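K.L.:
Quick one, fold the following:
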Amino acid sequence: MTKISPLNRTNETINHYSPEEVFVSPKMIQKLKDKGFELPNLENIRTYRRKRVLAEMEKRRVDALLLFDPINIRYSTDSSNMQLWTAHNLARAALVTVDGHFILWDFTNCQHMTEHLHRLNEVRTVAGSFYFEFGDTIDNQARSFCAEVKDVLAQRGLTGPIGIDRMDTAVAKAFFSAELDIVDAMTVMEHARVVKSPDEILAMRCGVENCDMAMAEMEKAMMPGMSEVELWSILHKENIANGGEWLETRILSSGPRTNPWMREASGRIMQDGDIMAFDTDMIGLFGICIDTSRTWLVGDAEAKPGQIEAYKIGHEHIETNAELLAPGVSMRDLTFKGHVLPDAYQANKYCVKMHGVGLCDEFPSIYYPDSYIEGAFDYHLEPGMVLCVEVFAGKEDGLEGVKLENQVLVTETGFENLTTYPYDKRLMGLS
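P.N.:
This is a model prediction of the structure:
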């Protein structure tokens with residue numbers, strides 16, 4: 001098995017936009033152009049992310065980062081390979097050193113998959129150690145991989161802390177026994193990822209449009225007699241067809257399954273007059289997460305008073321709370337200020353008021369006052385942060401509930417709601 005396969009890459013700047021390397025379909029690219037969307041410059045994104053990671057490392061005095069989480073690998077290297085599979089089989093890794101050397105350990109015989117990423121200094125194979133791949137030799141393999149990483153650090157004269165985000169047990173034993181100063185890499189990466197570049201926002205706008213198109217197909221197809229899973233499959237299909245990547249969850253429910261929240265799409269047959277609610281949790285175009293929630297009324301029935309009440313409360317909640325977003329606002333204020341749900345809606349409320357978003361759900365988590373963690377998020381908003389402002393409005397003894405969520409950009413002067421999909425007029429009591 002080949003242990004090291006360096007490609008000795010140069011740092012030349014090439015902005016590839018080939019459909020063979022970028023998952024977005026050519027048809028979707030053309031649709032975006034026809035609608036006036038500006039496409040992101042991917043090389044600008046790669047350069048920006050590289051600088052963000054290195055700056056955060058310097059700020060926190062971390063000499064190296066060893067990253068196994070596929071989201072962190074994607075952010076630091078823009079390399080993607082079996083993202084879901086490697087989320088539970090830690091077969092890939094990236095090492096970032098504070099002097100700007102980037103090494104990727106890719107899956108076996110996959111060096112060709114990063115030929116377009118010219119800022120990678122080396123591509124190697126065989127990272128980490130997990131039982132599926134190495135069986136009863138996992139401890140030996142873990143020690144071997146640890147020695148390889150230590151050798152890189154020694155060659156570059158790096159003796160300070162090394163941040164690691166995730167490890168299998170054998171790897172953790174090897175690294176913690178290796179006389180290394182190990183710190184949490186996720187802290188570094190979350191703070192690096194939290195402020196988006198102008199090109200990342202362009203990518204996110206394209207992603208919102210892709211999500212809107214998928215939701216429009218869902219709403220058009222939704223009818224009494226359709227199962228929840230049939231409806232959910234449309235969101236997945238449209239995202240994949242346009243060049244998106246996956247859905248993080250399958251949260252979609254209808255009728256009495258909407259309250260309490262979080263049930264996954266099932267075989268339940270939707271009925272005329274049901275509420276149907278869902279959360280996109282979409283990893284879409286360019287690997288950007290579009291996290292939107294909408295609630296619709298199934299069929300041609302008129303909305304019931306209780307449905308309208310819950311919807312209006314949810315709508316007021318997220319619209320009012322979005323008004324809090326502006327540069328310099330403390331995250332504590334986001335928790336303790338804003339709209340307060342009525343008492344009857346408190347017990348079943350969602351776990352957070354807001355959360356960050358980028359390549360996935362990200363730092364910070366903005367909790368409700370009764371779940372606030374003192375000292376966990378003592379930071380302030382900055383321009384370029386993006387937060388999802390959300391709500392679940394369902395009474396503790398209620399039959400149904402409403403889920404709404406918008407993706408909101410913190411601007412230089414306030415905020416911009418990036419989510420463009422309309423609310424349900426019937427549930428708003430407008431028709």
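K.L.:
So, low pLDDT: which residues of the protein?
P.N.:
Residue ranges of the chain with pLDDT under 70: 1-21.
K.L.:
mind listing the strands in the stretch 1-150 of the chain by residue range?
P.N.:
64-67, 93-97, 102-106, 122-125 (DSSP state E, counting those that start in this stretch).
K.L.:
Which stretch among the ones you listed approaches residue 345 most closely?
P.N.:
strand 64-67 (40.2 Å; Cβ to Cβ). For glycine as for every other residue, the C-beta is placed from the backbone atoms N, C-alpha and C.
K.L.:
circling back: between the strands of the stretch 1-150 of the chain, which one is nearest to residue 311?
P.N.:
strand 64-67 (41.8 Å).
K.L.:
does residue 404 have beta-bridge partners, and which?
P.N.:
With DSSP bridges as the criterion, residue 404 is bridged to residue 391.
K.L.:
That one against residue 313, yeah?
P.N.:
No. The pair residue 404 / residue 313 is not scored as a contact, 9.9 Å apart, by Cβ atoms under 8 Å.
K.L.:
Now list whatever residues contact both of these two.
P.N.:
Counting by Cβ atoms under 8 Å, 6 or more residues apart in numbering, the residues touching both residue 404 and residue 313 are residue 393.
K.L.:
Of these two, which one has the most company?
P.N.:
residue 404 (27 against 20; other Cβ atoms under 10 Å).
K.L.:
ok, that one to residue 216 distance?
P.N.:
Plainly put, residue 404 is 17 Å away from residue 216 if you go by Cβ to Cβ, to the nearest Å.
K.L.:
and what of residue 59?
P.N.:
43 Å.
K.L.:
More neighbours: those two, which one.
P.N.:
residue 216 (14 against 11).
K.L.:
Using the three-state scheme, assign that one.
P.N.:
helix (DSSP: H, G, I helix; E, B strand; the rest coil).
K.L.:
for it, what are its contacts?
P.N.:
So residue 216 contacts residue 421 (Cβ under 8 Å, 6+ apart).
K.L.:
again, but for residue 107
P.N.:
81, 82, 86, 91, 92, 125.
K.L.:
top of those by neighbour count?
P.N.:
Ranking the contacts of residue 107 using other Cβ under 10 Å puts residue 92 first, with 26 neighbours.
K.L.:
pretty sure that residue is touching residue 108, no?
P.N.:
No. Using Cβ under 8 Å as the test, residue 92 is too far from residue 108 to be in contact (10.4 Å).
K.L.:
about what we covered before: packed most tightly, which of the strands of the stretch 1-150 of the chain would that be?
P.N.:
Mean neighbour counts were compared across the strands of the stretch 1-150 of the chain using mean count of other Cβ atoms under 10 Å; the top stretch is strand 64-67, at a mean of 27.
K.L.:
so what strands line up beside that strand?
P.N.:
strand 93-97 (antiparallel), strand 162-164 (parallel).
K.L.:
So which residue is dead centre in this protein?
P.N.:
residue 360 (0.5 Å; Cα atoms, centre = their mean).
K.L.:
how close does that residue get to residue 55?
P.N.:
21 Å.
K.L.:
all helices for this protein, in order.
P.N.:
Secondary structure of the chain by DSSP state H: the helices cover 26-34, 42-60, 70-77, 85-88, 131-134, 138-155, 169-176, 185-193, 198-221, 228-242, 305-322, 331-336.
K.L.:
Dump those helices to TSV, plus distance to residue 395.
P.N.:
Output for the helices of the chain, formatted as TSV (distance: least, Cβ to Cβ, whole Å):
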stretch	distance to residue 395
helix 26-34	41
helix 42-60	43
helix 70-77	36
helix 85-88	36
helix 131-134	46
helix 138-155	50
helix 169-176	44
helix 185-193	35
helix 198-221	25
helix 228-242	22
helix 305-322	7
helix 331-336	23
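K.L.:
Tell me which of these is the most buried.
P.N.:
helix 70-77 comes out most buried of the helices of the chain by mean count of other Cβ under 10 Å, with a mean of 24.
K.L.:
just to revisit the earlier point, same list (the strands of the stretch 1-150 of the chain) but as CSV, adding distance to residue 431.
P.N.:
Shown next, in CSV, are the strands of the stretch 1-150 of the chain (distance: least, Cβ to Cβ, whole Å):
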stretch, distance to residue 431
strand 64-67, 50
strand 93-97, 52
strand 102-106, 54
strand 122-125, 57
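K.L.:
Tell me which of the ones you listed lies nearest to residue 364.
P.N.:
strand 64-67 (20.4 Å).
K.L.:
what's the spacing between the closest one and its chain's center?
P.N.:
20 Å (Cα atoms, centre = their mean, to the nearest Å).
K.L.:
Now do it: everything it contacts.
P.N.:
Outside strand 64-67, the residues touching it (Cβ under 8 Å, 6+ apart) are 53, 57, 72-73, 76, 93-98, 149, 153, 158, 160, 162-165, 185, 188-189.
K.L.:
how about it as CSV, C-alpha atoms only?
P.N.:
Extracted as CSV, the C-alpha positions of strand 64-67 are listed here (Å, rounded to 0.1, in the frame of the first residue of the first chain):
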residue,chain,number,x,y,z
ALA,A,64,-0.7,22.9,12.9
LEU,A,65,-4.1,21.6,12.4
LEU,A,66,-4.9,17.9,11.7
LEU,A,67,-8.4,17.7,10.2
